[in-house]
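Asks: take a look and give me a structure for this.
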Amino acid sequence: MDWISLAERLFGVNHGISRDGDFLHGTVTFDGAPLVIIGTTAHAAIGVQLALAQARAVLDVVTHHPGRAILLLIDTQGQQLRRRDELLGINRAMAHLGMAIDFARRSGHRVIGLVYDQALSGGFITSGLIADACDALPEAEIRVMRLPAMARVTKLPESLLAELSESNPVFAPGVGNYVSMGGVRRLWQGDMSQALREALADAPTQDRRAEDGAARGGRRLAASVVQLVLDAA
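Replies: A predicted model of the protein is given here:
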């Protein structure tokens, strides 16, 4: 679904969300309360400029509108693969974005991510996966690394990874697998406004991704290993 169709289904035709290049931003009224929209479109490649623009928008909310909820609209192909951005420190800019979102959460803002089109690699890790919860549309495409790239990094045969992906969602792309792993909390279907209403009402007070992954059978050991580390601290 394109962002305009989504915005109209959520907030009506006079939604007030603006697009500057691949950057989406605005404040809407939802159920009588202001809701900040920050996001990307057109399969945006997240470079230094776009990462800092999103971070600035998040920090402006924390500074000027304490407690106001934030909805992250996610459509990204991952980080910008360009020499200029590497030289400017794309790694630090994306880390800054992730830290800004985490700071907003710790400052009392509900932050919900919604993958409405595509979510790949670092562009997803530093946005939706740092929100209080990340939801998705059923037709969304989500993956962190393609199997050929995973094979190069792990030095494992691609055929082995393909076989593992049949039974283990950790190795497989797709929105359903991310639901199983707990990375995506729920899918939005039917009434978009009601789905958003439920997402805001059910925003967790702490990260439950590992627990959800264990309960759904997609990440069986993550929650228990995290607890062992915490108990040993």
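
Asks: hey, let's count contacts and neighbours off CA atoms from now on
Replies: Noted.

Asks: give me the most central residue, this protein.
Replies: Closest residue to the average C-alpha location of the chain: Gly128 at 1.4 Å, with CA atoms, centre = their mean.

Asks: how about that residue, nearest residue that isn't a chain neighbour?
Replies: Once flanking residues are discounted, Gly128 sits nearest to Gly113: 4.7 Å by CA to CA, 6 or more residues apart in numbering.

Asks: and that neighbour, how close does it get to Phe124?
Replies: Relative to Phe124, Gly113 is positioned 10 Å away (CA to CA, to the nearest Å).

Asks: listing request: residues of this structure with sub-threshold pLDDT.
Replies: Of all residues in the chain, none has pLDDT under 70.

Asks: show me where it has its helices.
Replies: Along the chain, counting by DSSP state H, helices occupy 3-11, 48-64, 83-88, 90-106, 121-125, 147-154, 158-165, 175-181, 192-201, 209-216, 222-232.

Asks: returning to what we had before: spit out the contact partners of the residue nearest to the centre of the chain.
Replies: Gly128 makes contact with Leu72, Ile74, Ile112, Gly113, Leu114, Val115, Cys134, according to CA atoms under 8 Å, 6 or more residues apart in numbering.

Asks: I'd say Ser107 and Gly67 touch.
Replies: Yes - using CA atoms under 8 Å, Ser107 is in contact with Gly67, at 7.4 Å.

Asks: could you count how many residues lie near Leu137?
Replies: Leu137: 18 surrounding residues under other CA atoms under 10 Å.

Asks: I figured it was touching Gly113, is that so?
Replies: No - contact status for Leu137 versus Gly113: not in contact, 11.1 Å apart, counting by CA under 8 Å.

Asks: returning to that earlier point: which single one of the contacts of Gly128 is nearest to Pro173?
Replies: Val115 (14.0 Å; CA to CA).

Asks: isn't the closest one right next to Gln77, touching?
Replies: No - in this structure, Val115 is not within contact of Gln77 by CA under 8 Å, at 11.8 Å.
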